[in-house]
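In: below: sequence and its predicted model.
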Amino acid sequence: MTDEIPVIDLEAALAEDDPQDLLSRVREAAERIGLIQVVNHGVPLELIDDFERRIERILRLPRAEKAKLASPTGHPYRGWRQWPDDFGRLELERYSISQFDNPADAAAAGVSPRWLGLYEDANVWPPQDPGLRAVVFAYADAAAALAQRVLGLYERILGLPAGSFPHGEPYHTSFVVNDYPTWTYPDSAADEDKLLLLEHADGSAVTVLHQRGDYPGLQAQRPDGTWIPVPVVPGALQVFSGTILTRWTNGLLRPARHRVVAGGSVTRQSTGIFYHPSLDTVLEPLPAFVGENGTDFEPVVLGELTENAVEDYLKVFGRPDQVAARREGRPYISELAETSAGR
C-alpha cells in the first residue's frame, strides 16, 4: 500500500513521546495530497455501522417513497435527491442533513442571530426510522471531535501552539451521504469517462469521511495533476484538508482535490461530515505563515460564504427545473432516463 495517503494511528500521533517519523509522514501527506487516513480515531465503529445499516434501508426504499424525503422547499442540501448526468443516468443519490433542525435549535446552541436564516429550511427525517435522527447527531458530534483532534495534530506538525487554528463555538458542520450506483463500463474506459463525482476540494476546515465499497473509487490528486486511488481500509476514516485549512496556512497545506469513479460490483457509499469553525470566524492566514511577501488570501467571514452557498451552487450546477423549484419553494425531483440505474 502506498504511503502517499498514510494510515495513521491517531492516538500514537498525538502521544507525548514525540513520534517524529509519524509526524513527518503526516506533514508530507498534508502538504502534497491533503489527505490522511486515521485509525484509533475515537469514533465508535458500532456507531458508524448502526448509521450505515439505517441509511441503507432508507436508500433502498422504492423511488416513490424516497421522493417524499426531498426538501419541501427545494433546498439542495436538505433531504434526499438524485443526481443524474446530462443523459439522465444516475450518478449519485444523496441524503443531506443540516446541523440544526430549525433556527430555534441553532439559537439555543449559540449561533449568532445574523446566521439563523441558514436553518429556515428544515431537515427531512424519514418516518420509516424514528431513531435515525439521534444516531446522525451522535455520529456528527463524534466526527467533529475527531476533526478538532486532527487540527491539533496539524498544529503539532507545523510547530504551532495548541489552539492556534480558530476553534470558536459553536462550530459549524454539515452531514452528507453519497450513494453511487453500480454501472458497467468497457474495460478500456478511462476514469475520466466514468466520473460519478467531479473533481473538487471541500470548503471546510477538514472533512471526515467513511467510505464503503468493494473498489477504491475515491481518488485524490497529486501535485502533478495525476490521480491516486484511496484504499478502502477497514476501520479507518479519511480526513480531507479543506480550503479553510489552506487559507489558515497561507497555502502551505494543500486542500485535498478528489473525485469518484465508477466500478465495483456493489453500490458504493460514503458519509462525509464537513467541519468548520464558528460562522462568526474571520478566515485569514495565521501570522506565522505570512512573510514579507504577504498573502493573496483576503479576510472573509465564514458565515458570509455560507449564506451564499446555495445560490452559488445553483448558479454553477443547478439545472433550470431545479433552480425554478428552489425559487418557487417546492420539492425538486430529478428526471431519470428509463434505463438509468435509479429507476
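Out: Yep, that arrived.

In: now the helices for the chain?
Out: For the chain, applying DSSP state H gives helices covering 10-13, 20-32, 45-59, 63-67, 103-108, 132-157, 243-248, 302-307, 309-317, 320-328.

In: how about Tyr275, what does it touch?
Out: Going by C-beta atoms under 8 Å, 6 or more residues apart in numbering, Tyr275 touches 143-144, 147-148, 171-173, 204-208. Just so you know, the C-beta spots here come from the backbone N, C-alpha and C atoms, and that holds for glycine as well.

In: who does it bridge with?
Out: Tyr275 forms beta bridges with Thr173, Val206, as assigned by DSSP bridges.

In: that one and Phe175: what is the separation?
Out: From Tyr275 across to Phe175, the span is 10 Å (C-beta to C-beta, to the nearest Å).

In: ok, Ile157 to Trp125 distance?
Out: 39 Å.

In: oops, could you answer that again for Leu209 instead?
Out: Taking C-beta to C-beta, one finds Leu209 at 22 Å from Trp125.

In: and these two? which has more neighbours close in?
Out: Comparing Leu209 with Trp125 by neighbour count (other C-beta atoms under 10 Å), the higher total belongs to Leu209, at 25 against 16.

In: can you pull the pLDDT of the residue nearest to the more buried one when sequence neighbours are not counted?
Out: For Leu209, ignoring the flanking residues on the chain, the nearest one in space by C-beta to C-beta, 6 or more residues apart in numbering is Gln238 at 4.2 Å. Gln238 is assigned 98 on the pLDDT scale.

In: list the contacts for the closest residue to Leu90 other than its chain neighbours?
Out: In space, and not counting its chain neighbours, Leu90 is closest to Gly342: 3.5 Å by C-beta to C-beta, 6+ apart. Residues counted as contacts of Gly342 (C-beta under 8 Å, 6+ apart) are 63, 82, 84, 90, 93, 181, 336.

In: Ile8 now?
Out: 22, 25-26, 36-39.

In: please indicate which of the residues you listed are buried?
Out: Applying a neighbour-count criterion of 16 or more other C-beta atoms under 10 Å, the buried members of these are 22, 25-26, 36-38.

In: shaky segments in the chain?
Out: Scanning the chain with the threshold set as pLDDT under 70 gives 1-2, 18, 184-189.

In: got a list of what Asp9 touches?
Out: Asp9 touches 22, 38-40, counting by C-beta under 8 Å, 6+ apart.

In: cutoff 7 Å now
Out: By C-beta atoms under 7 Å, 6 or more residues apart in numbering, the residues touching Asp9 are 39-40.

In: what of Glu169?
Out: Counted by C-beta under 7 Å, 6+ apart, Glu169 has contacts 110, 278.

In: that older thread, now the contacts of Tyr275 in JSON lines, with distance to Arg222 and neighbour count?
Out: Listed next are the contacts of Tyr275 as JSON lines, based on distance: C-beta to C-beta, whole Å; neighbours: other C-beta atoms under 10 Å:
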{"residue": "Ala143", "distance to Arg222": "26", "neighbour count": "29"}
{"residue": "Ala144", "distance to Arg222": "29", "neighbour count": "22"}
{"residue": "Ala147", "distance to Arg222": "24", "neighbour count": "23"}
{"residue": "Gln148", "distance to Arg222": "28", "neighbour count": "17"}
{"residue": "Tyr171", "distance to Arg222": "30", "neighbour count": "19"}
{"residue": "His172", "distance to Arg222": "30", "neighbour count": "25"}
{"residue": "Thr173", "distance to Arg222": "29", "neighbour count": "21"}
{"residue": "Ser204", "distance to Arg222": "21", "neighbour count": "24"}
{"residue": "Ala205", "distance to Arg222": "22", "neighbour count": "30"}
{"residue": "Val206", "distance to Arg222": "19", "neighbour count": "29"}
{"residue": "Thr207", "distance to Arg222": "19", "neighbour count": "27"}
{"residue": "Val208", "distance to Arg222": "22", "neighbour count": "27"}
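
In: out of these, which is nearest to Arg133?
Out: Lowest distance from Arg133 to the contacts of Tyr275 (C-beta to C-beta) belongs to Thr173, with 14.9 Å.

In: now do the contacts for the closest one.
Out: Counted by C-beta under 7 Å, 6+ apart, Thr173 has contacts 99, 140, 144, 273-276.

In: now render these as a markdown table, adding distance to Leu196.
Out: Listed next are the contacts of Thr173 as a markdown table, based on distance: C-beta to C-beta, whole Å:
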| residue | distance to Leu196 |
| --- | --- |
| Gln99 | 26 |
| Ala140 | 24 |
| Ala144 | 27 |
| Ile273 | 20 |
| Phe274 | 19 |
| Tyr275 | 24 |
| His276 | 25 |
